[in-house]
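> This is a predicted model, with the sequence first.
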Amino acid sequence: MNYLRRIAGGESKKKEDSWRTKLARASGVNELEEPENHPLRFYVMSVDTLCGTQIDQRMPEAWKEKPPLFEYRKKNSDRKLKAMCREGIPQALRSAIWFTSIVRISRPYQSKEDSDAFGTLAKVKVLDHGWEYVLKSLFPDNSDKERANIPDFGSDPQEVEAMVVQDHMMDGGKLCAKGVIGVNALTLVLYAAKENLGIEYCPLLPDLTAFLLSVMPESYAYACIREMTNSEGYYLPMSRIEHLSWCKTFGDLMKKMYPQTALAMARCGALDPQGLDPIFRRFFIGVLKKEHVLRILDMYTYEGYKAFWKGVKRVTHSDQFLFDILVKQAYGFNGKTYRSRRSFPRRKFIQRIIRHNEGWAENIATDHVNLLSQKPLGFVEGDVPIVLAKNASERFSLAEFLPFAYKSTKLELIYSSNVHGRSMPTFYQHCARAKHTITLVEVLDTGATIGMFATDTWHNSSKVYGDGECVLFRLKPNPVCFHWARGITKSMMPLNVQSEDEELDIQNEVATEQFMISRKNFISMGSNSDGSSGLRLEDDLSRGSSAKARGFNNEPLAGSDRPDFDVGLVEVYHLLRDLDGKAIDGEEDLWKGMFD
């Protein structure tokens, strides 16, 4: 504030710090000493993360190494920026200009100066830190990264991966020098886009992400995708219905406004939605050279789908291909003369036609259900290291075992026999505040891991509790789970108790619904009339037993030859929501104690 007072001529009235001052303070650098040439004010330079090729760092005369590119307060500043992008952004500045252009669209409430800051060195640490946080939440262990793959986003998964690698990373028939690093980067960004941003359907995204990574690091590519998804309908179709309505709307516009163009496109089969579908999926891959696609992206990042559509209009029917001429024609220029302001409809009109065509798209779209993505449960790293659920393959199996409502969760260790000791009171104490828990048990002699999912808080009680969502399972080897099912058939009863006697039926019905039992000296899940359990742990947590239990109809979890076994490590986890990291049992159960 003293500095601001000095430059204001000694005024005592306080003024709010500028965004440049705040950014400088956050970075720990005094940018005010060199207000014009401070390093944090310069644009970040482009870097090829995908293939590792060297990017030309030369700067044409019309462009600057730091914002502003020109005086924003002048009239028609937006039109000037569009014109510069149409002429082509220098390779060295593509990362910065693409990102700032996207931010301007996604954050219309923000000043142009603040949007430009996202392309400067001042934001590098912020974006990198955000990306590291995303990676840590999605991949808490290296084994999680190894299991990650490129999502399909509406296409065949193997086909998508093969096409992206073939079209973006091959050099002379071989994978480029840093191709493995590029594939890993592409996989991480696309996986994060699906799991963290919730993108289920977006055929354009794999190719678009590959182009982003060809000029910027992973953190910037992910941030660009995040900002694009905040601009609904401006950049990407985010559902199958929207994708089909885009194709039909484009065809309708061609027929209405450009009949000669429509005839030319119809002759080559590029006018109807089926013919346009491959183009609208691959972002001109296989149609244009990479350098020309990058030029379209220069315009697309600021103008959105209109730039893409104009490119499709010109490219699909031109007899001669001169890219610069096609760009000028697409924007209404004939030579140096601006021919028509209405070379393409306004965005509001296009949006109205898209919404109208969504009804048509709903009728022809094949039924498909976006199933919950299969991924391992995450975990929260605490003071006590996790052991039995450390590997992603084990957590992947747990995600499959859990009821649907708990699949998008992560694990937090609340009890470990190695750290907290082996006693039933200690076990109850650490489970006291957790309603939904996973208990993992190591079988000493075989190294197998077995366990149970509980739907109520483990506590010393004379009553039976829990419900039909309880699960018994073997985690390794040969993962398998056993869900409870209502109803008893004679085939499920031991031979010596098969009877029509009503009293026996009632006794067996009671045994079937004994989900969770916990006393001073043991805990168990599943029960039989002979006293055996689906899984039982004794009071010192060093001995256990497992038998086929009514309702669960499970096999003995430790093996048919090991009804009783020695117990090694015991771990208990409770579940946290992926969205906000809060325990899913944090809300008070209004119905609890109704029958106590």
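Alright, I've got the coordinates.

> what about the helices in the stretch 251-400 of the chain?
Assigned helices in the stretch 251-400 of the chain, in chain order: 259-267, 273-282, 290-303, 305-315, 323-330, 347-364, 392-401 (criterion: DSSP state H, counting those that start in this stretch).

> Where among the ones you listed is average confidence lowest?
Ranked by mean pLDDT, those end with helix 323-330 at the bottom, a mean of 49.

> what about the helices in the stretch 101-250 of the chain?
Using DSSP H, counting those that start in this stretch, helices in the stretch 101-250 of the chain cover 112-117, 124-138, 142-147, 157-168, 179-195, 205-213, 218-230, 240-257.

> Show me the one of those helices that comes nearest His459.
helix 124-138 (31.3 Å; C-beta to C-beta). C-betas here are computed from N, CA, C, even on glycine.

> Determine how far that closest one lies from the middle of the whole chain.
Computed by C-alpha atoms, centre = their mean, to the nearest Å, the separation of helix 124-138 from the middle of its chain amounts to 13 Å.

> Which neighbouring elements make contact with it?
When contacts are defined as 3 or more C-beta pairs under 8 Å, 6 or more residues apart in numbering; DSSP states H and E, helix 124-138 packs onto helix 179-195, helix 218-230.

> Tell me, please, the helix or strand in this protein that averages the lowest pLDDT.
Least confident element among the helices and strands of the chain, by mean pLDDT, DSSP states H and E: helix 2-7 (a mean of 32).

> Save the helices and strands packed on helix 124-138 as CSV, and put in mean pLDDT, distance to Thr455 and mean neighbour count too.
Shown next, in CSV, are those (pLDDT from 0 to 100; distance: least, C-beta to C-beta, whole Å; neighbours: other C-beta atoms under 10 Å):
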stretch, mean pLDDT, distance to Thr455, mean neighbour count
helix 179-195, 90, 26, 20
helix 218-230, 94, 35, 23
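
> need the ones you listed in CSV with distance to Arg58, can you?
Output for the helices and strands packed on helix 124-138, formatted as CSV (distance: least, C-beta to C-beta, whole Å):
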stretch, distance to Arg58
helix 179-195, 24
helix 218-230, 21
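
> so which of those comes closest to Lys582?
helix 179-195 (18.3 Å).

> contacts for the closest one?
With contacts defined as C-beta atoms under 8 Å, 6 or more residues apart in numbering, helix 179-195 is touched by 49-52, 134-135, 138-139, 145, 148-151, 153, 164-165, 168-170, 176, 199-200, 205-206, 209-210, 212-213, 218, 221-222, 225, 373, 375.

> That one relative to helix 124-138, how many degrees between them?
Counting by axes from the mean of the first three to the mean of the last three C-alpha atoms, to 10 degrees, helix 179-195 lies at 70 degrees to helix 124-138.

> Distance-wise, check the residue nearest the centre of the chain relative to Ser231.
The structure's the chain has its C-alpha centroid closest to Glu195; by C-alpha atoms, centre = their mean the separation is 2.3 Å. Going from Glu195 to Ser231 by C-beta to C-beta, to the nearest Å gives 21 Å.

> Ok, Thr446 next?
Counting by C-beta to C-beta, the gap from Thr446 to Ser231 is 55 Å.

> Check Leu69 too.
21 Å.

> same question, Thr426
Taking C-beta to C-beta, one finds Thr426 at 53 Å from Ser231.

> Tell me which of those two has more neighbours.
Between Thr426 and Ser231, counted using other C-beta atoms under 10 Å, the more crowded position is Ser231 (17 against 14).

> The more buried one reaches Ser106, doesn't it?
Yes - counting by C-beta atoms under 8 Å, Ser106 is a contact partner of Ser231 at 4.6 Å.

> residues of the longest strand belonging to the chain that come out buried?
Identified as the longest strand of the chain according to DSSP state E is strand 564-577. Buried residues in strand 564-577, counted by 16 or more other C-beta atoms under 10 Å: 565, 567-568, 570-576.

> Would you mind giving the residues you listed as JSON lines with pLDDT added?
Output for these, formatted as JSON lines (pLDDT from 0 to 100):
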{"residue": "Phe565", "pLDDT": "96"}
{"residue": "Val567", "pLDDT": "96"}
{"residue": "Gly568", "pLDDT": "95"}
{"residue": "Val570", "pLDDT": "97"}
{"residue": "Glu571", "pLDDT": "97"}
{"residue": "Val572", "pLDDT": "97"}
{"residue": "Tyr573", "pLDDT": "96"}
{"residue": "His574", "pLDDT": "94"}
{"residue": "Leu575", "pLDDT": "92"}
{"residue": "Leu576", "pLDDT": "89"}
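
> between these, which is closest to Thr100?
Of these, the one sitting nearest to Thr100 (C-beta to C-beta) turns out to be Leu576, at 35.7 Å.

> partners of that closest one in the sheet?
With DSSP bridges applied, Leu576 shows beta-bridge pairing to Lys410, Ala583.

> That one against Ala583, yeah?
Yes - taking C-beta under 8 Å as the definition, Leu576 is a contact partner of Ala583 at 5.7 Å.

> which neighbours do these two share?
Glu412.
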